[in-house]
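Peer 1: Sequence and predicted structure below; questions after.
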Amino acid sequence: AQSVTQPDIHITVSEGASLELRCNYSYGATPYLFWYVQSPGQGLQLLLKYFSGDTLVQGIKGFEAEFKRSQSSFNLRKPSVHWSDAAEYFCAVVSGNTPLVFGKGTRLSVIA
Amino acid sequence: GAGVSQSPSNKVTEKGKDVELRCDPISGHTALYWYRQSLGQGLEFLIYFQGNSAPDKSGLPSDRFSAERTGGSVSTLTIQRTQQEDSAVYLCASSFGTGRDGYTFGSGTRLTVV
């Protein structure tokens, strides 16, 4: 069965530091991969998505992610974190007609 | 509408009562999804509607949970005889087609069973 693993439950970074959030997936077919962000009390907002082609994808708010088939990974990165980036981040996968499968999320805290 | 609208935003109910949660998807989106988000957990898939096809109910946790989608638009998630473990945020999303461009989520309904 398809699954998504986000190994880090909680990450704290200093404002201005770089960020990498990890995501690994288990999928038989070529997956469609997504990162979503959820601010407190809000729904989920799509940051970026990967279908095919260039394995480095750019998203909103200065985020990017790199698809590595050999590692079954789709890690999210940002060169310089802002305090407003503090939120919960979810990696998700879909293939075929099945609904999105989400990881359990990584909570990001940003300190001054 | 401009986005996915869910109501109510908060609901407190007594154990054993029935509740109805409403979702108004983006106009023109053919697919509608319900997820449940519990504290410390990810998003748990509940049910999926695609056009006029029979819904995928594989994620419903018990027969106390049901959902319908009227006229291919508004959806209602019903929980009968609520239990404390039903307390969670219930999120609705909609998409075009199979959602490979991503889903648009509503802000959710926070359900508290006391």
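Peer 2: In hand now; what should we look at? All of these numbers come straight from a predicted model, not from anything done at the bench. Numbers count the residues shown, from 1 in each chain, chains lettered A, B, ... in the order given.
Peer 1: Let me see the contact set for residue B:14.
Peer 2: Residues counted as contacts of residue B:14 (C-beta atoms under 8 Å, 6 or more residues apart in numbering or on different chains) are B:82, B:113-114. Any C-beta I mention is one placed from the backbone N, CA and C, and that applies to glycine too.
Peer 1: So it versus residue B:112, what's the distance?
Peer 2: Distance, residue B:14 to residue B:112, using C-beta to C-beta, to the nearest Å: 10 Å.
Peer 1: hmm, back to that, buried subset of the contacts of residue B:14?
Peer 2: Among the contacts of residue B:14, those classed as buried by neighbour count (16 or more other C-beta atoms under 10 Å in any protein chain shown) are B:82, B:113.
Peer 1: Adding distance to residue B:2, write the contacts of residue B:14 out as JSON lines.
Peer 2: Listed next are the contacts of residue B:14 as JSON lines, based on distance: C-beta to C-beta, whole Å:
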{"residue": "B:82", "distance to residue B:2": "31"}
{"residue": "B:113", "distance to residue B:2": "31"}
{"residue": "B:114", "distance to residue B:2": "34"}
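Peer 1: Okay, and which of the contacts of residue B:14 map to strands?
Peer 2: residue B:113 (DSSP state E).
Peer 1: restrict the contacts of residue B:14 to those near chain A?
Peer 2: Among those, no residue sits close to chain A (C-beta under 8 Å from any C-beta of the partner chain).
Peer 1: so, if you compare the contacts of residue B:14, which one comes nearest to chain A?
Peer 2: residue B:113 (19.4 Å; C-beta to the nearest C-beta).
Peer 1: what pLDDT does that closest one get?
Peer 2: Per-residue confidence (pLDDT) for residue B:113: 97.
Peer 1: Spell out which parts of chain A neighbour chain B.
Peer 2: A:32, A:34, A:36, A:41-46, A:49, A:51, A:90, A:94, A:96-97, A:99-105.
Peer 1: and those residues, which are buried?
Peer 2: A:32, A:34, A:36, A:43-46, A:49, A:90, A:94, A:99-105.
Peer 1: need the contact list for the most centrally placed residue in chain B.
Peer 2: Nearest to the mean C-alpha position of chain B, by C-alpha atoms, centre = their mean, lies residue B:34 at 3.3 Å. Applying C-beta under 8 Å, 6+ apart, we find residue B:34 in contact with B:23, B:45-48, B:67, B:75, B:77, B:90-92.
Peer 1: same deal with residue B:59?
Peer 2: Neighbours of residue B:59 in contact, by C-beta under 8 Å, 6+ apart: A:99, B:44-48.
Peer 1: Tell me how many other residues crowd residue A:59.
Peer 2: 18 (other C-beta atoms under 10 Å in any protein chain shown).
Peer 1: got it, and residue A:39?
Peer 2: 13.
Peer 1: In this structure it contacts residue A:107, no?
Peer 2: No - under the criterion of C-beta atoms under 8 Å, residue A:39 is not in contact with residue A:107, lying 11.4 Å apart.
Peer 1: Run through the chain and note the low-pLDDT ranges.
Peer 2: Just going to use chain A. Within chain A, the ranges that satisfy pLDDT under 70 run A:28.
Peer 1: actually it's chain B I care about, not the one you picked
Peer 2: For chain B (pLDDT under 70), the answer is B:1.
Peer 1: before we move on, back to that, give me the subset of the buried ones among the residues of chain A next to chain B lying in helices.
Peer 2: Nothing among these maps onto helices, per DSSP state H.
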